[in-house]
Each structure stands twice: as C-alpha cells, then as structure tokens.
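In: Need a 3D model of the sequence below.
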Amino acid sequence: MTQTLLLLPRGCEWLEAAAFWDVFGWNMLLGDKTNGLTAAAPGGCAPSFAAAEGLRIIGCPDWRQIREADFAALALPGGFGRFGYFKSALGPECAALIRAFAAAGKPIAAVCTGAAVLARLGVLQGKRATVYPIEQGYWQRQLVEGGACYVDAPLVRDGHVITARDPAAALPAALSLLAMLSGRENALAIAAAMGYTGDFL
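Out: Numbers count the residues shown, from 1 in each chain. From the prediction side, this is the model:
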C-alpha cells in the first residue's frame, strides 16, 4: 500500500483538506485499499494544530520528519494569508517538500490558493493551471507570474499536476488524484459510494 501526503500549512482551508482526507478514507474502507493518506503539519499536531477559522487538528507528524521518498503523491489545500498560510506553505521545510515531489514527477494536487504556492515555487512553469478566481484577478496574475498558463475552469490537470479553483472543486480534485494513483474505475466507485455525481479528470 502507498501513501499520499496531505500538507497542512498553518491557516489552511479545512474543507479543502477534508476532501482529500475523506476520499482517501473511503478508498481504504470501500475502494481498492491501495493508497492511504498521511497528514503532516509544521511542528506536528501534538497536542493540536490551528487551521483556518479557529479549527484545530489533533495528532499528525511534523513535516520535518517527512521524506518525499516515502510517499506516492502530494495534496495541498489552499488557505488564508491572514492566518499565516503563505508564510507557512512557502517556509523552507514545506517548500522543500513540494519541490521534492515536483522534481520526482509525482502526482501533486493543489486547491484554491494552493495553486499560487505551486506557482511561486516554480512547479507550474509551462503548465496549464487554475486558481481562486476572486479578488480582481490577483491570484490569476500569481499563476502567470510563476510561468503558468491560467485556465478558467474548476479543475485542470496538466501532466502530474492537478489544480482546483476553489473549495467547491476540492472533492473532484481529490477524486482526480485518487484516479491518477489507483485508476479511474476505482475513483468512480468511490465517487458513487460518496454520492458524488459530478465530473472529475
């Protein structure tokens, strides 16, 4: 069995993180059980870790203990700058992990402003990608400045990188990542079990 790494920067958007947690949890219950999920946060979660909106997450490892070689894929929810998201996600430990996954050509899924993190780290250079559409085009400019080709779509896959526009696109992004890792038929079965009838890549 392989594991997907879910990074939880400070100030991350919990709905976006929860989509990956839930899809991969359903896969371990009712799917082919080939890919589980491990969450990691700055400093770990002992005893707890603050996400956005005051929510707290209990019990996950410090990402300084994480090695890219131990994981098959990476998931990155977006978050809010006012809660320290970009300082955390672009900090040296998290940035090094993201770059290591990109260099290894492993699947990466980023949701909402997480795509801007990928752009700032050079991961989206020459790739088609989407990002959070509000705030007068600010986030789209972040992608373009990072060398990406912005696409106005809920979900975009270019090679091994998946980007999702907003929290509403987090569930299809997680299903798309699962499909990359375990096959579309398995991901379709999980989507059906969860009652999701929309499309995903």
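In: Can you show me the strands along this protein?
Out: Counting by DSSP state E, the chain has strands at residues 2-7, 35-40, 49-50, 56-57, 73-76, 108-111, 128-129, 149-150, 155-158, 161-164.
In: Out of the ones you listed, the one nearest S176 is which?
Out: Closest approach to S176 among the strands of the chain (Cβ to Cβ): strand 161-164, 5.2 Å. To be clear about C-beta, it is placed using only N, CA and C from the backbone, and glycine gets the same treatment.
In: list the buried ones in stretch 126-135?
Out: In terms of neighbour count (16 or more other Cβ atoms under 10 Å), stretch 126-135 has its buried residues at 127-132.
In: Identify, from those residues, the entry nearest to L118.
Out: Among the buried residues of stretch 126-135, and counting by Cβ to Cβ, the member closest to L118 is A129, at 7.4 Å.
In: Now do the closest one, the pLDDT please.
Out: For A129, the model assigns a pLDDT of 98.
In: Quickly list what it is bridged to.
Out: Y150 (DSSP bridges).
In: which ones are touching it?
Out: By Cβ atoms under 8 Å, 6 or more residues apart in numbering, the contact set of A129 is 115, 118-119, 143, 148-151, 156, 158, 161, 163.
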